[in-house]
Structure formats: C-alpha cells, structure tokens
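>>> need the 3D shape of this:
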Amino acid sequence: MTESIIILYDNRAKEGLTPDWGFSAFIKGETNILFDTGASEKVLRKNAEALSIDLLETDGIFISHNHWDHIGGLKFVLTKKHHTEIFVPESDAEFFEEEISEAGIVIPIEDPTVIAPGMFSTGMMPTGMKDPAFEHALVTTTEKGNVLVTGCSHPGIEKIAEEAVRLSEKKLYLIAGGFHLYKKEEKTIERIAEKLKDFTEFVAPCHCTGEKGIEVFKKTFKDRFIDCRAGTEIAF
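Presented below is the predicted three-dimensional model:
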C-alpha cells in the first residue's frame, strides 16, 4: 500500500529545489515506484538529494510515455539502481531496450496490468499523436482510496480517469500529475475540471496542466485542490 507521493520534478518548485519542465514522482510505500524521471538527470539528482530521497530504494520505474521531459533521468537512475524493472508502453519497448541495454529490465505493458501489490497500469491508451502513439498511467492503493498518477495525459485526462475508475470499480481519492491542458481555452478546462468531479475527490495538477489550468482546478475543487510542485509530499 502506498504511504505517500513525493514530487521530485516539476515546472514549479518549492524553495530550495530546482524547477524545470518535466515530471517525476517518488511513490513511497510497500513498493517504491519512481514514476517518470524528468528531463535532466542533474535536476533529478539535485532534487532527490534535497528531499533526502535515496534512489537506491526504488523497487521499479514506471515510464508513462516516451517524451524527453519524462525519460531524461532514466539512465542516471539505472547507474544508481542496476537491473531495475522498467514498466513502459509496449509500443516503446524496443526503443527502451536499445537505450538502456542491460542496465534495466524492460517490462512491456499493453493491457491493464498489476505491476506490484496494490498497483496497476491502466494499459496503453492512444494519444492521438504519431510519437508517442500510446501512454499509460498508474493507479495505486492507499488507506484513503485509490490514487491515479499521470504523466502528460495525452489521451485526455477525463478518459484516463474514467478508465481508472472502470478498472478499479470505485471513485478515485486523488488524481496527481500532468493534465496536458496548457494549450486549452479556459472554458474547455472548466468543463474538464467539472467532469473530473465525477471521478475523484481531490486533484493535484502540475507540469503540463499549465498555470491557467492549475488556477481553474483550484477554483473548481476549492478545498479539494492540492498545490503540486517539486517538493510537495502528499501523505495518505
């Protein structure tokens, strides 16, 4: 069971940490999962050290999709933690196998898959783009309910949330991560924020959600909004 989620990498950061475009979170509990690795190994390393996160404690790495701002620190992590399982969309498995050689163990994910006790992937969902064509997200169990962690939500944050609820057969406690709304009009974001109320109690949007999107979610969810940036720890 997951005890907390610590944001290691984001466009925004608390004092003493380095902000940079990208996303990474350390999911801490019975199984420790590093979700994405940001854009820069230097920033990932500095922020992990500042937050006293020992990457040697990583039990597995979950890569949401093959974009530079989510995989930049992967090779660095593998120098710290050899032969770790890396859960990636099946469509990108060959790319990662070539990139990391024998440093890690690539686990291709196509369908919804349990990756550890109380943790599962939504399975590949189409992004509507040529590259990457697919993305997956992580659902993890906490004492307060299920939590959905997203990388960039290219398939659409509503679709991912709906799939997570369908698979777990209950409403989510929290959705955290990038919602990919930074290019959307405010009315569109407002509609999406209202829709997500059907799927989750709390939201912690960051990264590619965009400043405007974050403000809309703050206004929509009120006291059920969690400010999310590098250095944020959400405990369950």
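
>>> for this structure, what spans make up the helices?
If you assign secondary structure with DSSP state H, the helices in the chain sit at 41-50, 68-71, 74-80, 93-100, 157-168, 186-196, 211-221.

>>> in CSV, list the C-alpha atoms belonging to the first one.
Extracted in CSV, the C-alpha atoms of helix 41-50 (Å, rounded to 0.1, in the frame of the first residue of the first chain):
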residue,chain,number,x,y,z
GLU,A,41,19.5,13.9,-14.7
LYS,A,42,21.2,16.8,-13.0
VAL,A,43,17.9,18.4,-11.8
LEU,A,44,16.5,15.0,-10.8
ARG,A,45,19.7,14.2,-8.8
LYS,A,46,19.7,17.6,-7.1
ASN,A,47,16.0,17.5,-6.1
ALA,A,48,16.2,13.9,-4.9
GLU,A,49,19.2,14.8,-2.7
ALA,A,50,17.5,17.9,-1.4
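
>>> wait, Tyr182 sits on Ile214?
No - using Cβ atoms under 8 Å, Tyr182 and Ile214 do not qualify as a contacting pair, with a distance of 9.4 Å. In this view, the C-beta of every residue, glycine as well, is placed from N, C-alpha and C.

>>> in contact with Gly178, which residues?
With contacts defined as Cβ atoms under 8 Å, 6 or more residues apart in numbering, Gly178 is in contact with Phe23, Thr150, Gly151, Cys152, Ser153, Pro205, Cys206, His207, Cys208, Thr209.

>>> restricted to strands, list these.
In this view, these that belong to strands under DSSP state E are Thr150, Pro205, Cys206.

>>> tell me the one of the contacts of Gly178 nearest Pro89?
Pro89 lies nearest to Gly151 out of the contacts of Gly178, by Cβ to Cβ, at 10.5 Å.

>>> where's the nearest residue to that closest one once chain neighbours are set aside relative to Glu97, distance?
If you skip the residues right next to it in sequence, Gly151 has Ser64 as its closest partner in space, 2.7 Å away by Cβ to Cβ, 6 or more residues apart in numbering. Using Cβ to Cβ, to the nearest Å, Ser64 is found at 18 Å from Glu97.

>>> of those two, who's got more company?
When Ser64 and Glu97 are compared for neighbours, Ser64 comes out ahead with 29 against 16, by other Cβ atoms under 10 Å.

>>> got the contact list for the more buried one?
Contact criterion Cβ under 8 Å, 6+ apart gives Phe35, Asp36, His70, Glu135, His136, Ala137, Leu138, Thr150, Gly151, Cys152 as the residues in contact with Ser64.

>>> nearest to Pro108, of those residues?
Each of the contacts of Ser64 was scored against Pro108 by Cβ to Cβ, and His136 proved nearest at 10.6 Å.

>>> residues contacting the closest one?
For His136, the contact set (Cβ under 8 Å, 6+ apart) comprises Ser64, His65, Pro89, Ile109, Ser121, Thr122, Gly123, Met124, Met125.

>>> need the pLDDT of it.
Among the per-residue scores, His136 shows a pLDDT of 98.
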